[in-house]
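Trainee: attaching a predicted model along with its sequence, questions to come.
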Amino acid sequence: MADVPFLHAVSVSKLYPGTTVSGVREISLEITPGKITAIIGESGSGKSTLLKMLYGLLSPNEGTVYFKGERIWGPEEKLIPGHDEMKMVTQHTDDLNLFARVWDNVAAMLPSTNVKLKEEKTEAVLNQLNMMRLAYKRVADLSGGEKQRVAIARAIITRPQVLFLDEPFNQVDTSFREGLQHDIRQIVRESGITVVMVSHDPAEVLSMADELVVIRDGEIVESGSPKQLYQSPANLYTAELLSNCNVLTAEEANICGVTATKEAIVVYPEWIRLNAAPEALHWTVREVLFKGFYEDLILERRGIIIRVVNGENERFKPGDMIGIKVKKWLEY
Ligand SMILES: Nc1ncnc2c1ncn2[C@@H]1O[C@H](COP(=O)(O)OP(=O)(O)OP(=O)(O)O)[C@@H](O)[C@H]1O
């Protein structure tokens with residue numbers, strides 16, 4: 001007998017009542033166990049709709065979701081939708097008891113039949129998420145990022161097989177984000193849990209995910225590893241989602257020294273080298289965006305604007321003249 005897929009959507013569609021456009025159209029998708037899969041797409045593309053159908057929070061109009069061969073029932077078919085082996089964390093931490101301690105919020109997810117085991121498991125999960133020092137604080141006194149850690153601890157303490165994350169780091173400031181992302185990757189490595197996440201943030205999905213699924217207007221446009229999709233996206237849409245790239249017409253490409261054979265080219269800022277040769281100084285620095293160890297330069301020539309990364313010691317100021325050499329590009 002062929003292997004039963006782990007988590008599997010078969011041609012699922014969702015048309016919201018009162019609308020003519022679908023949230024999601026005939027999506028078929030297989031989630032790889034033990035990996036982090038990120039669903040990415042522009043706002044309104046159907047990411048959350050797809051995630052909620054996989055989790056069983058929304059019933060598809062057409063199609064079916066299976067978890068290890070078992071059908072996932074949505075709220076229209078089942079009083080408590082979803083599956084015991086799945087948990088979801090969103091950016092809202094509404095189900096936390098603000099006036100109880102972190103420890104109690106997390107321990108409350110386990111039955112009290114074996115108190116010793118309950119204590120051991122609570123301590124283990126708080127350690128795993130680097131939260132023991134917060135264990136006896138009230139949730140109300142925590143930062144947004146710390147509350148999000150409590151929500152994740154509650155979700156994973158029962159050792160679900162799948163964790164769904166819907167924009168979980170939205171409310172978390174940048175400094176906390178990286179730590180939390182690292183801890184989730186570590187948990188995936190150690191426990192083998194499968195994570196399916198939705199995110200807006202290219203840096204986040206590129207560094208966290210093992211697999212990316214790109215959706216547009218409710219349909220999958222492509223999928224693959226972050227490296228593969230970043231380096232050679234099949235679609236202009238994917239390139240624009242993953243990078244702050246320069247999109248140029250063939251005519252504009254020509255002015256940048258590139259002979260294009262198709263209608264448009266994409267050049268990532270880091271694919272452009274600066275050239276200080278006196279005969280090459282055709283571009284005017286319009287803006288300098290300080291990024292610490294590098295700077296983003298916004299350059300202009302004959303009405304064309306391009307973004308370039310400058311990682312050299314020599315820094316620029318608006319009005320300076322510079323040359324460029326495009327090292328790599330993609331054509332669409
Ligand atoms: N409850 C609803 N009723 C009607 N239309 C809805 C409902 N929920 C979502 N939609 C519509 O379905 C489409 C997909 O929405 P969805 O929330 O899945 O997109 P998304 O990619 O997650 O967007 P965002 O990144 O902005 O959260 C959008 O056009 C949205 O307006």
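Mentor: In hand now; what should we look at? Residues are numbered from 1 along each chain as shown.
Trainee: which residues touch the one helix or strand in the chain whose mean pLDDT sits lowest?
Mentor: Within the chain, judged by mean pLDDT, DSSP states H and E, the helix or strand with the poorest mean is helix 174-191; its value is a mean of 88. Contact with helix 174-191 is made by 34-36, 128-130, 143, 145-146, 148-149, 152, 156, 159, 165, 169, 172, 193-195, 204, 207-208, as judged by CB atoms under 8 Å, 6 or more residues apart in numbering. From N, CA and C alone the C-beta is placed, and that goes for glycine too.
Trainee: just the buried ones among those, please.
Mentor: 35-36, 128-129, 145-146, 148-149, 152, 156, 165, 169, 172, 193-195, 204, 208 (16 or more other CB atoms under 10 Å).
Trainee: stretch 75-94 close to the ligand?
Mentor: No. Residues of stretch 75-94 are not located near the ligand by CB under 6 Å from any ligand atom, the shortest gap being 10.0 Å.
Trainee: what are the buried residues along the host helix or strand of Gly23?
Mentor: Taking DSSP states H and E as the criterion, Gly23 maps to strand 22-31. Buried positions in strand 22-31, judged by neighbour count with 16+ other CB under 10 Å: 22-27, 29, 31.
Trainee: could you point out which element follows the helix or strand where Leu117 lies?
Mentor: Using DSSP H and E, Leu117 falls within helix 115-128. Going down the chain from helix 115-128, the next helix or strand is helix 144-156, by DSSP H and E.
Trainee: right, and the helix or strand after that next one?
Mentor: Helix 144-156 is succeeded, C-terminally, by strand 162-166 (DSSP H and E).
Trainee: residue in the stretch 201-332 of the chain nearest to the ligand?
Mentor: Gly218 (6.8 Å; CB to the nearest ligand atom).
Trainee: let me know how buried that residue is, in neighbour terms.
Mentor: 22 (other CB atoms under 10 Å).
Trainee: same question, Val221
Mentor: Around Val221 there are 17 residues (other CB under 10 Å).
Trainee: Gln161 now?
Mentor: Gln161 has 19 nearby residues by other CB under 10 Å.
Trainee: just list the residues touching it, thanks.
Mentor: By CB under 8 Å, 6+ apart, the neighbours of Gln161 are 33, 85-86, 193-194.
Trainee: tell me where the stretch 201-332 of the chain has strands.
Mentor: 211-216, 219-224, 246-249, 264-267, 272-275, 283-290, 295-301, 304-310, 321-326, 330-331 (DSSP state E, counting those that start in this stretch).
Trainee: parallel or antiparallel, list what pairs with the fifth one.
Mentor: So the one you mean is strand 272-275. strand 321-326 (antiparallel) (DSSP bridges).
Trainee: contacts for the strand it pairs with?
Mentor: 256-258, 267, 271-277, 279-285, 297, 299, 306, 308, 316.
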